[in-house]
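> The sequence and its predicted three-dimensional model are supplied below.
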Amino acid sequence: MGLNTSEYHAFYQVYIDKTDKKLSIVEGLSQQLDTVVLFYLSIAKEKHDYAYAKGKWSVKDVLLHIIDTERILAYRAMRIARQDKTPLMGFEQDDYVVHGFAKKRSMESLIEEYKSVRLATITLFASLNVDTLLSIGEASGFPISVRALGYIILGHENHHNLIIKERYL
């Protein structure tokens, strides 16, 4: 069964378009785990704190943004999966980056955090049945399904890693 556009707001289409929906969410998350760790390990140390323009995030900022966003989206998925009907608020990504202090951390510590968060996300989605994946809740003022959140996690990461490849390396 394909992902329906009624399961998410149009804002997320850019991320949904960057996923392979032939894979299950768990398959996609597992494949990304391996390739993304290798990708970030391959980036030269002198590029870790590099930003391609004034006011843009560094490579480490981007990785921490991916981690933070995955945590938030997985939390939303868990709440909706557990039938919590409380509307979930949005978040200001730039505030998270400013207060994440990625520059003070090593790439290795960020990669370890990424792996921990990703394994938790895989475990969450592996525990959900088809009916639960189709559950709809409200986040940032719009309806969203648990399944859409899984694909948004995948596509959001692909989106930012593509930007790193195109503009940072």
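It's in.
> For the chain, which segments count as strands?
Shown for the chain, the strands assigned by DSSP state E span residues 136-139, 142-145.
> right, and those strands - which one's nearest Gln83?
Among these, strand 136-139 comes nearest to Gln83, with 8.4 Å by Cβ to Cβ. Just so you know, the C-beta spots here come from the backbone N, C-alpha and C atoms, and that holds for glycine as well.
> in that closest one, what's buried?
137, 139 (16 or more other Cβ atoms under 10 Å).
> is it true that His65 touches Lys56?
No - look at His65 against Lys56 with Cβ atoms under 8 Å: they stay out of range, at 11.6 Å.
> Grab the CA positions of stretch 85-100 and hand them over as CSV.
Extracted in CSV, the C-alpha atoms of stretch 85-100 (Å, rounded to 0.1, in the frame of the first residue of the first chain):
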residue,chain,number,x,y,z
LYS,A,85,-4.4,12.7,20.6
THR,A,86,-2.6,15.7,22.0
PRO,A,87,-1.6,18.0,19.2
LEU,A,88,2.2,18.1,18.9
MET,A,89,3.9,21.4,18.5
GLY,A,90,6.5,22.3,15.9
PHE,A,91,10.1,23.2,16.7
GLU,A,92,12.6,25.9,15.7
GLN,A,93,15.5,24.1,14.0
ASP,A,94,17.8,27.0,14.1
ASP,A,95,17.5,27.3,17.9
TYR,A,96,18.4,23.6,18.2
VAL,A,97,21.5,24.1,16.1
VAL,A,98,22.7,27.2,18.0
HIS,A,99,22.2,25.4,21.4
GLY,A,100,23.5,22.0,20.1
